[in-house]
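J.: Structure, please.
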Amino acid sequence: MRRAERRGLLALIALPFLLAFLIRHAVRTDNMLLAIGLVVGSVLGTRWHDRRKARKKARRGSEPLV
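T.: Residues are numbered from 1 along each chain as shown. Purely as a prediction, here's the structure:
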């Protein structure tokens, strides 16, 4: 299984848990915006970290061997 397929599968597995957390938090606190902000912030933070990691790996691969 390729990395992209694995990440897609993990995202599909994680989605119901994120939605359950979002609904539970919204029901308990009556603050839907806070719950949405928490979920969106964590997803965007993860993507940002993955992009930085990929760029770093690409730069490392392009350096000439000495």
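
J.: From now on I want contacts and neighbour counts done on CA atoms only, so please keep to that.
T.: OK.

J.: What are the boundaries of the helices in this structure?
T.: 3-29, 32-62 (DSSP state H).

J.: elements contacting the first one?
T.: If I follow you right, that is helix 3-29. Judged by 3 or more CA pairs under 8 Å, 6 or more residues apart in numbering; DSSP states H and E, the packing partners of helix 3-29 are helix 32-62.

J.: for the helix it packs on, which positions count as buried?
T.: M32, A35, I36 (16 or more other CA atoms under 10 Å).

J.: which one of those is nearest L10?
T.: I36 (20.2 Å; CA to CA).

J.: Starting from W48, give me the distance back to that closest one.
T.: Distance from I36 to W48, counting by CA to CA, to the nearest Å: 18 Å.

J.: contacts for stretch 23-38?
T.: L22 (CA atoms under 8 Å, 6 or more residues apart in numbering).

J.: can you pull the alpha-carbon coordinates of it into PDB?
T.: Provided in PDB are the C-alpha atoms of stretch 23-38 (Å, rounded to 0.1, in the frame of the first residue of the first chain):
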ATOM      1  CA  ILE A  23     -20.900  16.900  18.000                       C
ATOM      2  CA  ARG A  24     -20.100  15.900  21.600                       C
ATOM      3  CA  HIS A  25     -18.300  19.100  22.300                       C
ATOM      4  CA  ALA A  26     -21.000  21.200  20.600                       C
ATOM      5  CA  VAL A  27     -23.800  19.500  22.700                       C
ATOM      6  CA  ARG A  28     -21.900  19.800  26.000                       C
ATOM      7  CA  THR A  29     -20.800  23.400  25.600                       C
ATOM      8  CA  ASP A  30     -23.300  24.900  23.200                       C
ATOM      9  CA  ASN A  31     -20.400  26.500  21.400                       C
ATOM     10  CA  MET A  32     -20.200  25.100  17.900                       C
ATOM     11  CA  LEU A  33     -17.700  27.700  16.700                       C
ATOM     12  CA  LEU A  34     -15.100  26.700  19.300                       C
ATOM     13  CA  ALA A  35     -15.500  23.000  18.300                       C
ATOM     14  CA  ILE A  36     -15.200  23.800  14.600                       C
ATOM     15  CA  GLY A  37     -12.100  25.900  15.300                       C
ATOM     16  CA  LEU A  38     -10.500  23.200  17.300                       C
END
